[in-house]
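In: What follows is a predicted structure for the sequence shown.
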Amino acid sequence: MNRGARILVVDDTQSFRFMVNGYLEDAGYRATGVSGGAQALAELERSRFDLVLSDMFMPEMDGVELLRRVRELQPQLPFVLVTAHGSVDNAVAAMKEGADDYLLKPLNWDELLLVVARLLEHSRLRISYDRMVDSERERFSFQSITSSSPKMGSVLAAAQQVAASSRTTVAIYGESGVGKELLVRAIHNASGQNMTSLVAVNCAAIPETLLESELFGHVKGAFTGAERDREGKCSRAHGGTLFLDEIGDMPLSLQPKLLRLLEERLYEKVGSDHQVTADFRVIVATHHNLDECCNQGRFRRDLFHRLNIFPITIPPLRERREDIPRLCELFLEQFRQHQGKQLPGLSQAALDLLVGHDWPGNIRELRNLLEYATIVTDGDLIRPEHLRFLQPEARVEEPATDRISLTFDFSPEEFSLDAVNRQVIEWAMKKCKNNKSSTARLLKASRKLFY
């Protein structure tokens, strides 16, 4: 219960105001009574109230007119109308004017308390949600992405330009950890769309057999286990943004359907022949070079051209080292708040090491490294001994030609499908220097399937 909430009671009958005020105060609320609409408006301008409970029929200004005036001043303030002349018509009219609920005289006191408690809780949740949305918009905005790098400045300028075109497809390229998703969210928010209408799909994390259903949804009976209709990500993104992360890992079998979605703005649920209109922007991101993927036969050339309408490439951190001091300040401030530590900052020796590092993991690696340092430091400046640098990531060496040639040597007794698979995996592991993620990408297999 929202005990202590302030309730304004408006009624031209003094005895009724007295009874309602007393009952509300016994329940833990703070009630203020006034005799008419003019006094109510004056109170609302003078003080903050959490709910208004007003009689419908009063001289000079009735409850419906007061409701209209209150909505102009405070559109979200909960408002309940009360009348002794109850009818369905009055109730419908009151709700159409924006009343949150409707009660009849003589009041049922238990019903009154239930209505008041419900509306106050709904108001509290709405205010909390609005604050969260404002916080998210501030966090994922262009203003939150600070950079003194000319390269990054060009990226942000381009992203701000395309944000105004709410249906233009955007392709964001960059190494892992450079902040592709942060830029996606900034573009989405700058488009003026609802925060919840950004729907993300990681094309590399979902098995090929499930990805189509995840994207488009399915109807009951479409396949074994489809016991009911299921809404897909495309449906949830209606009116907003569909973000396809790691698009370079999308299976070839699904790429024609994505191409149709982009060209015709239509899609079908799995197991259905009913066409659904796609009303959303598509933003894709990848660390792959899609042009090279096309040359290798891993990605459709026509789909690449359809996605590449507005390409943006985020430079790696090693190409914008001038941003490292500012990023360190931002991350350290976050850790101060989360950990409750008073960290003065970085020593000059530690900062020099950070600026000189190559950052194979980019901004994500920098953030993780600083979080570790804030935990192990004794509260003094972060010094070089607190920094734990990662080893450079193993990178897949692209074949010199468009083809990969393997030779197998088995005796008839040794030869089997398992033996062939094992040799292929051993070859790929050696080529990728035992990096499992890189091996899975080279084999075009999900990491889960690879294991």
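Out: Everything's here; your move.

In: Give the buried residues for the lengthiest helix in the chain.
Out: As assigned by DSSP state H, the longest helix anywhere in the chain is helix 109-139. Judged by neighbour count (16 or more other CB atoms under 10 Å), helix 109-139 contains these buried residues: Leu112, Leu113, Val115, Val116, Leu119, Leu120, Ser123, Arg137. No exception for glycine: its C-beta is placed from N, CA and C like everyone else's.

In: for those residues, which one is nearest His238?
Out: Ranked by distance to His238 (CB to CB), the buried residues of helix 109-139 are led by Arg137 at 20.3 Å.

In: where does that closest one land on pLDDT?
Out: What the model reports as pLDDT for Arg137 is 59.

In: what's the answer for Lys436, then?
Out: Lys436 is given a pLDDT of 73.

In: quick one: Ile7 and Gly28 touch, right?
Out: No: using CB atoms under 8 Å, Ile7 makes no contact with Gly28, being 10.9 Å away.

In: the more surrounded of those two?
Out: Between Ile7 and Gly28, counted using other CB atoms under 10 Å, Ile7 has the larger neighbour count: 23 against 12.

In: Report all helices and strands that the helix or strand harbouring the more buried one contacts.
Out: Assigned by DSSP states H and E, Ile7 belongs to strand 6-10. Packing partners of strand 6-10 (3 or more CB pairs under 8 Å, 6 or more residues apart in numbering; DSSP states H and E): helix 14-26, strand 30-34, helix 37-46, strand 51-55.

In: Give me whichever of these is most buried.
Out: Neighbour counts (mean count of other CB atoms under 10 Å) averaged over each of the helices and strands packed on strand 6-10 peak at strand 51-55, with a mean of 25.

In: Tell me which helix or strand comes right after the longest helix of the chain.
Out: With DSSP H and E, the next secondary element past helix 109-139 is helix 150-163.

In: Starting from whichever helix or strand comes after that next one, tell me which strands it pairs with and how they run.
Out: Following helix 150-163 in sequence order, the next helix or strand is strand 170-173 (DSSP H and E). The pairing partners recorded for strand 170-173 under DSSP bridges are strand 281-286 (parallel), strand 310-313 (parallel).

In: between the ones you listed, which gets nearest to Leu343?
Out: strand 281-286 (32.4 Å).

In: Tell me how far stretch 10-21 lies from the chain's centre.
Out: 47 Å (CA atoms, centre = their mean, to the nearest Å).

In: ok, and what's touching that stretch?
Out: 9, 31-37, 39-40, 52-55, 58-59, 63, 66, 82, 105, 107, 112 (CB atoms under 8 Å, 6 or more residues apart in numbering).

In: run the last query once more with 6 Å
Out: Val9, Ala31, Gly33, Val34, Ser35, Ala40, Ser54, Asp55, Met58 (CB atoms under 6 Å, 6 or more residues apart in numbering).

In: What mean pLDDT does it get?
Out: On average, stretch 10-21 scores 92.

In: repeat for stretch 69-88
Out: 85.

In: Let me have the strands paired with strand 170-173 in a markdown table, extended by distance to Ser235 and mean neighbour count.
Out: A markdown table is the format used below for the strands paired with strand 170-173 (distance: least, CB to CB, whole Å; neighbours: other CB atoms under 10 Å):
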| stretch | distance to Ser235 | mean neighbour count |
| --- | --- | --- |
| strand 281-286 | 14 | 26 |
| strand 310-313 | 25 | 16 |
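
In: export those strands to JSON lines and tack on mean pLDDT and distance to Tyr23?
Out: Shown next, in JSON lines, are the strands paired with strand 170-173 (pLDDT from 0 to 100; distance: least, CB to CB, whole Å):
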{"stretch": "strand 281-286", "mean pLDDT": "96", "distance to Tyr23": "52"}
{"stretch": "strand 310-313", "mean pLDDT": "97", "distance to Tyr23": "61"}
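
In: Show me the one of these that comes nearest Phe335.
Out: strand 281-286 (26.6 Å).

In: Show me which residues of the next helix or strand after that closest one are buried.
Out: Counting by DSSP H and E, the next helix or strand C-terminal to strand 281-286 is helix 290-295. Residues of helix 290-295 classed as buried: Leu290, Cys293, Cys294 (neighbour count, 16+ other CB under 10 Å).

In: Pro311 contacts Ala171, correct?
Out: Yes: under the criterion of CB atoms under 6 Å, Pro311 lies in contact with Ala171, with a separation of 4.8 Å.

In: Need the residues that contact stretch 248-261.
Out: Cys203, Ala204, Glu208, Glu212, Tyr267, Ala278, Thr286, His288, Leu290, Cys293, Arg300, Leu303.

In: Do me a favour and average the pLDDT over it.
Out: 94.

In: Quick one: end-to-end length of that stretch, please.
Out: 17 Å (CA to CA, to the nearest Å).

In: how distant is that stretch from the center of its chain?
Out: That offset, for stretch 248-261, works out to 24 Å (CA atoms, centre = their mean).

In: now Leu156: how far from Pro315?
Out: To Pro315, Leu156 is 12 Å away according to CB to CB, to the nearest Å.

In: Flag the shaky bits of this structure, pLDDT-wise.
Out: 1-3, 85-88, 91, 130, 132-141, 194-196, 341, 379, 390-403, 446-451 (pLDDT under 70).

In: domains for it, by residue range?
Out: In the domain annotation for the chain, the residue ranges read 6-135, 141-313, 318-386, 403-451 (automatic domain parsing).

In: sorry, back to before: which one of the contacts of stretch 10-21 is nearest to Asn435?
Out: Using CB to CB, Ala31 comes nearest to Asn435 of the contacts of stretch 10-21, at 67.5 Å.
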